[in-house]
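Chemist: give the three-dimensional model of this entry:
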Amino acid sequence: MSQIFITGHRNPDMDSVCAAYAYARLKSQLDSLNTYMPIRCGHLNKNTKALFERLGAASPQYWKDARPRVSSVMRTSDEISLAPDDPVGKLIALFSDSQPSVVPVVKADQLVGLLSLDDITVFFLKDNLGKRPIYHFHTSSFGKVMPGFYLQKGPIEEFDAPLMVGAMPFESFKPKIEAMTDARPILIIGNRKNHLALASTLDLPAIILTGLDEGQKPDMDLGKFKGTVYVSSLDTAETTRHLRLCQSVQSLLRRQGPAISSSDLFDDAKARLASSKLRGLAVYDDSQNWTGFVTRRCFLDKPRMKLILVDHNEPDQSIPGIEDADVIEIIDHHRLGAQKTSLPITIETKPIGSTCTLVYQLYQRHSAVLDKITATLLLSGLLSDTVLLKSPTTTFEDYTAAQDLAAIAGIEDLTAYGESLFGSGACVHDSLPRALVDGDFKTYDENGIRFGIGQCEVTTLEDVDEAKDDLLKALEQARKESHLDWTMLLITNVLTQTSVLLATDYPQRQGRISYAPDGKGKYLLPGVLSRKKQLLPEIIRVLTE
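Modeler: Residues are numbered from 1 along each chain as shown. Coordinates of the predicted model:
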């Protein structure tokens with residue numbers, strides 16, 4: 001099963017967001033083999049946000065880009081993990097069975113550290129170099145690693161101790177074990193009465209007996225011995241070997257590498273791990289909660305996000321990082337400027353007024369169930385993008401779709417409902433200048449000239465002159481930040497069907513605009529409602545003639 005994301009354009013308008021939401025629900029009905037998730041690559045404008053809140057619908061999640069991140073490739077402790085007091089024998093068995101790059105050591109859902117094959121290697125090297133090694137034990141591990149049974153369990157369950165085999169004559173054994181006062185050993189010994197009598201008087205953490213059958217008692221009563229007594233069914237040599245594997249895995253942990261975030265970019269995390277000598281790194285979320293880990297194997301194949309584009313098709317208008325994703329479908333009503341794809345894809349496009357109309361037609365084509373909330377969202381996006389069905393982009397198909405959706409949504413007065421979408425008395429002072437510019441801003445490239453046009457809908461233009469200077473400054477700021485040659489803002493009065501255009505300086509072309517100027521950087525556009533069908537063709541004419 002793949003997860004497929006459905007996104008509108010940057011700085012999404014109501015048509016874009018509602019179309020993504022509704023199309024995700026349609027695809028989920030038609031395809032049970034994949035999951036479909038509507039997303040947005042910009043912040044909701046206030047009217048769209050209010051619409052979703054009023055309907056109690058979850059608006060599409062915000063995704064800042066489509067580049068693969070650590071969360072797409074990380075592994076979790078659900079796959080494989082150990083507790084800190086698990087024995088080394090269990091760790092070695094895991095590496096032998098599944099050959100992982102690293103194994104997380106976890107306590108109470110919190111990461112203690114990552115163990116790799118390198119740590120095991122270092123463990124065995126240290127075990128055979130220098131002075132007698134000291135191991136960290138948990139008495140419960142004896143029964144997990146060595147076949148046998150407990151004769152008694154002492155009160156101390158966790159301790160550090162070296163190993164000693166009591167195979168020598170008692171005369172040699174006594175001074176040697178009594179001299180080990182810095183670290184009392186675990187004694188591995190057969191059924192030797194004198195040796196056991198002495199050992200029972202010493203403060204040893206544990207005695208491991210060999211050569212006894214189950215039910216057989218040692219020749220020496222160990223009732224007064226305070227430590228653990230375990231009877232191994234293995235011979236002394238094998239018992240000693242297995243006992244080394246009884247020490248806790250936490251004692252093998254060495255210095256850990258730098259943590260990375262699940263939101264880190266795939267390429268950045270790959271480079272960080274490659275520049276280290278480690279086999280894996282821990283992964284935390286943005287709230288510093290441990291979520292998993294990555295290994296070098298995780299970065300062998302770079303994942304690609306699967307995208308369906310709605311209400312746009314040009315890469316410059318889409319989610320950042322789209323070049324690292326696979327576009328598998330396009331649902332749109334704009335001019336075509338789609339990027340080249342490696343495989344054939346499905347494209348549904350029509351010269352109609354709204355993408356929501358097109359999505360509704362797809363519901364009809366597939367005889368899919370359309371609930372009241374989704375119908376209301378589709379109707380809202382349709383009315384918004386066609387400016388209450390008054391835009392010159394509006395077609396008969398939009399009118400028909402609006403009537404059908406209104407019936408499903410239980411809306412009797414389309415005009416009153418449409419006007420409510422734009423807010424009562426909406427004006428340019430309702431938002432900050434830069435927010436108005438960015439709210440529904442699209443970029444274009446024509447003859448090597450890069451330009452951007454924003455659009456906002458209001459119910460009065462009386463305060464445009466008062467805000468003009470601040471809006472022009474915001475347009476100039478947007479031009480510089482986006483490395484554009486020219487930026488404009490179309491302010492449309494949805495009630496009177498007239499617009500005002502504000503534009504930054506572009507002396508080479510600006511004088512050719514056919515609209516009536518009304519002061520520096522301002523033009524009057526009576527009867528102009530559509531950026532796509534009315535303003536954009538005029539700007540392209542200016543740039544190409």
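Chemist: residues in contact with stretch 314-322: which ones?
Modeler: 7, 9-10, 39, 41, 63-67, 307, 309, 312, 323, 325, 334, 337-339, 442-445 (CB atoms under 8 Å, 6 or more residues apart in numbering). C-betas here are computed from N, CA, C, even on glycine.
Chemist: of those, buried ones?
Modeler: Using 16 or more other CB atoms under 10 Å as the burial test, these include 7, 9-10, 39, 41, 63, 66-67, 307, 309, 312, 325, 334, 338, 442-444 as buried.
Chemist: show me the residues you listed that map onto helices.
Modeler: Among the buried ones among the contacts of stretch 314-322, none falls in helices (DSSP state H).
Chemist: the residues you listed in strands, which ones?
Modeler: Using DSSP state E, T7, I39, L307, L309, K442, T443, Y444 are the members of those that sit in strands.
Chemist: is the third one in contact with A66, as I believe?
Modeler: Yes. The criterion here is CB atoms under 8 Å, and L307 meets it with A66 at 6.4 Å.
Chemist: who touches both of those two?
Modeler: With CB under 8 Å, 6+ apart, L307 and A66 have common neighbours F5, I319, I322, A325.
Chemist: hmm, which two among those residues are most spread apart?
Modeler: Longest distance between any two of the shared contacts of L307 and A66 is 11.0 Å, between F5 and I322; criterion CB to CB.
Chemist: mutual contacts of these two, please.
Modeler: Taking CB under 8 Å, 6+ apart as the criterion, F5 and I322 both touch A66, L307.
Chemist: thinking again about what came up before, okay, the ones in strands among the buried ones among the contacts of stretch 314-322 in a markdown table with distance to V542 and pLDDT next?
Modeler: Below are these laid out as a markdown table (distance: CB to CB, whole Å; pLDDT from 0 to 100):
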| residue | distance to V542 | pLDDT |
| --- | --- | --- |
| T7 | 31 | 97 |
| I39 | 35 | 97 |
| L307 | 33 | 96 |
| L309 | 28 | 97 |
| K442 | 17 | 90 |
| T443 | 17 | 90 |
| Y444 | 12 | 91 |
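Chemist: which of those residues lies closest to Q247?
Modeler: I39 (49.1 Å).
Chemist: that closest one contacts Y21, doesn't it?
Modeler: No. The criterion here is CB under 8 Å, and I39 misses it with Y21 at 10.0 Å.
Chemist: what does stretch 280-300 contact?
Modeler: Residues from elsewhere that reach stretch 280-300 (CB under 8 Å, 6+ apart): 70-71, 73-77, 100-102, 104, 109-111, 114, 116, 256-263, 266, 269-270, 272-274, 279.
Chemist: tell me the buried residues within those.
Modeler: 70, 73-75, 77, 100-102, 104, 111, 114, 116, 260-262, 266, 269-270, 272-273, 279.
Chemist: strands - which of those residues land there?
Modeler: Judged by DSSP E, the buried ones among the contacts of stretch 280-300 include V102, P104, L111, L114, S116, I260, S261 as members of strands.
Chemist: farthest-separated two in those residues?
Modeler: Within those, S116 and S261 form the most distant pair, 21.2 Å apart (CB to CB).
Chemist: just the pLDDT for the residue nearest to the spatial centre of the chain.
Modeler: The centroid of the chain falls nearest to S71 when counting by CA atoms, centre = their mean (4.7 Å). For S71, the pLDDT comes out at 90.
Chemist: can you tell me how far the nearest residue to it once chain neighbours are set aside sits from I4?
Modeler: Nearest residue to S71, sequence neighbours excluded (CB to CB, 6 or more residues apart in numbering): S262, at 4.2 Å. Distance, S262 to I4, by CB to CB, to the nearest Å: 21 Å.
Chemist: please apply the same query to Q250.
Modeler: 42 Å.
Chemist: got it, and A474?
Modeler: 36 Å.
Chemist: which of those two has more neighbours?
Modeler: Taking other CB atoms under 10 Å, A474 and I4 do not tie; A474 has more neighbours (23 against 20).
Chemist: the more buried one touches F441, doesn't it?
Modeler: No. Using CB under 8 Å, A474 is not in contact with F441, being 10.6 Å away.
Chemist: which residues touch the residue nearest to the centre of the chain?
Modeler: So S71 contacts S262, S263, V283, T291 (CB under 8 Å, 6+ apart).
Chemist: repeat the analysis, applying 10 Å as the threshold.
Modeler: Contacts of S71 were listed using CB atoms under 10 Å, 6 or more residues apart in numbering, and they are S261, S262, S263, D264, F266, V283, D285, T291, G292.
Chemist: Y444: what's its closest spatial neighbour, skipping adjacent residues?
Modeler: Spatial nearest neighbour of Y444, chain neighbours left out: F451 (5.6 Å); criterion: CB to CB, 6+ apart.
Chemist: quick one: strands adjacent to the helix or strand encompassing that neighbour?
Modeler: Element membership for F451 (DSSP states H and E) is strand 449-458. Sheet pairing of strand 449-458 (DSSP bridges) gives strand 441-446 (antiparallel), strand 486-493 (parallel).
Chemist: most packed of those strands?
Modeler: strand 486-493 (a mean of 24; mean count of other CB atoms under 10 Å).
Chemist: next helix or strand past that strand?
Modeler: Using DSSP H and E, the helix or strand that follows strand 486-493 in sequence is strand 498-503.
Chemist: re the thing from before, which one of the ones in strands among the buried ones among the contacts of stretch 280-300 is nearest to L151?
Modeler: Nearest to L151, judged by CB to CB, of those is P104 at 35.0 Å.
Chemist: ok, H195 touching M220?
Modeler: Yes. H195 lies in contact with M220 (CB atoms under 10 Å); the separation is 8.3 Å.
Chemist: which one's more surrounded, these two?
Modeler: Using other CB under 10 Å, the more surrounded residue of H195 and M220 is H195, with 22 against 17.
Chemist: mind pulling up the pLDDT for that one?
Modeler: 92.
Chemist: also G511?
Modeler: On pLDDT, G511 comes in at 66.
Chemist: for D221, same thing?
Modeler: Looking at D221, the pLDDT reads 83.
Chemist: and for it, the neighbour number?
Modeler: 12.
Chemist: can you pull out the helices in the stretch 301-450 of the chain?
Modeler: 355-365, 372-385, 396-409, 414-422, 433-439 (DSSP state H, counting those that start in this stretch).
Chemist: tell me how many other residues surround L115.
Modeler: L115: 26 neighbours (other CB under 10 Å).
Chemist: bridged to it, which residues?
Modeler: As assigned using DSSP bridges, the partners bridged with L115 are V103.
Chemist: which residues are in contact with it?
Modeler: 82, 88, 91, 94-95, 100, 102-105, 123, 249-250, 252-254, 279-280.
Chemist: buried residues in stretch 310-329?
Modeler: Buried residues in stretch 310-329, defined by neighbour count with 16+ other CB under 10 Å: 310-319, 321-322, 324-329.
Chemist: same deal with stretch 529-544?
Modeler: 529-536, 538-540, 542-543.
Chemist: could you dump the residues you listed to CSV with secondary structure?
Modeler: Formatted as CSV, the buried residues of stretch 529-544 follow (DSSP: H, G, I helix; E, B strand; the rest coil):
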residue, secondary structure
L529, coil
S530, coil
R531, helix
K532, helix
K533, helix
Q534, helix
L535, helix
L536, helix
E538, helix
I539, helix
I540, helix
V542, helix
L543, helix
